[in-house]
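Chemist: let's see this in three dimensions:
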Amino acid sequence: MTRRLYFLLALCLVGDRSGISGKNSPSFVVIVHPSNRFNTLRRSQIDYLFLRKVSRWPWGAEAKPIDLPVHDAIRQEFTREVLGTSESQLETYWIDQRSTLGLVPPDVVPDAAAAKAFVAARPGAIAYIPAAALDSRVKVVKVEP
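Modeler: So this is what the prediction gives:
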């Protein structure tokens with residue numbers, strides 16, 4: 001199956017629970033361009049985007065995930081809560097992907113302001129930022145389990 005078909009199949013999965021961890025609210029939000037058609041994404045869909053298992057959104061826009069720096073606390077929380085892995089495991093994953101498939105990890109921006117600017121300028125972009133840094137230039141998507 002193609003990556004796009006896998007993504008479309010993942011999009012068809014509908015969950016009835018909300019929140020990321022069920023106990024505590026995360027200190028980050030997942031953001032997309034305001035024109036993005038999704039208001040809610042499952043963790044597995046976000047995982048597919050950030051691990052580059054899909055390269056396009058269903059409407060054709062190139063999926064462009066954006067990461068914060070490795071030592072940023074928000075990145076560590078996102079990696080743990082949404083991707084379900086650790087930074088060291090993620091580093092190993094990208095070494096394997098680079099050598100076997102030629103895939104590269106998401107671009108890294110220096111801070112939340114840069115992530116917001118990138119997402120606001122590109123319809124296919126997706127990122128995460130501290131909840132306190134949110135503004136009207138971007139759209140928040142609800143993350144479901």
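Chemist: can you list contacts of stretch 76-84?
Modeler: 20-21, 26-28, 30, 43, 46-47, 50-51, 68, 85-87, 90, 128, 143 (C-beta atoms under 8 Å, 6 or more residues apart in numbering). To be clear about C-beta, it is placed using only N, CA and C from the backbone, and glycine gets the same treatment.
Chemist: one more time with 10 Å
Modeler: 20-21, 24, 26-28, 30, 41, 43-44, 46-47, 50-51, 67-68, 70, 72, 85-87, 89-90, 93, 127-130, 143 (C-beta atoms under 10 Å, 6 or more residues apart in numbering).
Chemist: can you select the buried ones among those for me in PyMOL?
Modeler: Those of those that count as buried under 16 or more other C-beta atoms under 10 Å are selected in PyMOL with:
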select buried, resi 20+26+28+30+41+43+44+46+47+50+51+67+68+72+90+127+128+129+130+143
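Chemist: cross the contacts of stretch 76-84 against helices and list the overlap.
Modeler: 43-44, 46-47, 50, 87, 89-90, 93 (DSSP state H).
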